[in-house]
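[1] No sequence on hand, only this structure:
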Ligand SMILES: *[C@@H]1O[C@H](CO)[C@@H](O)[C@H](O)[C@H]1NC(C)=O
């Protein structure tokens, strides 16, 4: 009996600790497609359509490594600014960054990634180009967190919304 409940508690803890979720926040009224690419051999994560000014949660398999980009509805599907993630990596932590390496000209898609519960560390910026992203192959820009939920901002935060976003820390609004 005791063993069973201990096992149950451990299972509950484990599933909590492996939620691996990204909450996507579309900051403007443009509908966007989010395209996921898994590292070779890892499970496919289905692409999503993120309607304007909406949010969506995407859950990733344990130990998933890969990236995503966003392209606007009606635009050509080309890779853009990348959100990169490695879940349950070294020491069990989750690793992430925003990378401009593939397409530094994308100023419409992925903007920032940060842990949902601590808001830091923070990768990316509201306005590119910026130094707070992975810009060169030798940049040491990958950040880590023990938080199992990340937030990814996409699209353009309007000037009026910047002013009214009182709940957001200053660096999100001004970066
Ligand atoms: C995403 O998950 C958070 C909890 O982490 C929840 O508050 C929010 O409503 C969810 N968003 C959607 C679109 O389901």
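    Everything's here; your move. Just so you know, these numbers come straight off a predicted model, no measurement behind them.

[2] Residue 22 belongs to a strand?
    Yes - judged by DSSP: H, G, I helix; E, B strand; the rest coil, residue 22 forms part of a strand.

[3] quick one, helices of this protein?
    2-17, 159-164, 170-174 (DSSP state H).

[4] which ones are touching whichever residue of the chain sits closest to the ligand?
    Residue of the chain nearest the ligand, by C-beta to the nearest ligand atom: residue 57 (3.8 Å). No exception for glycine: its C-beta is placed from N, CA and C like everyone else's. Residue 57 is in contact with 21, 22, 23, 24, counting by C-beta atoms under 8 Å, 6 or more residues apart in numbering.

[5] Quick check: bridge partners of it?
    residue 23 (DSSP bridges).

[6] how close does it get to residue 19?
    9 Å (C-beta to C-beta, to the nearest Å).

[7] now residue 123: how far from residue 100?
    11 Å.

[8] Overlap in contacts, those two.
    Residues within reach of residue 123 and of residue 100 at once, by C-beta under 8 Å, 6+ apart, are 133, 134.

[9] show me what contacts the nearest residue to residue 39 once chain neighbours are set aside?
    Among residues not flanking residue 39 along the chain, residue 65 sits closest, at 4.2 Å (C-beta to C-beta, 6 or more residues apart in numbering). Contact analysis of residue 65 by C-beta under 8 Å, 6+ apart lists 38, 39, 42, 85, 86, 87, 89.

[10] what's near enough to touch the third one?
    Counting by C-beta under 8 Å, 6+ apart, residue 42 makes contact with 61, 63, 64, 65, 66.

[11] go with 10 Å
    With contact set as C-beta atoms under 10 Å, 6 or more residues apart in numbering, residue 42 has these partners: 60, 61, 63, 64, 65, 66.
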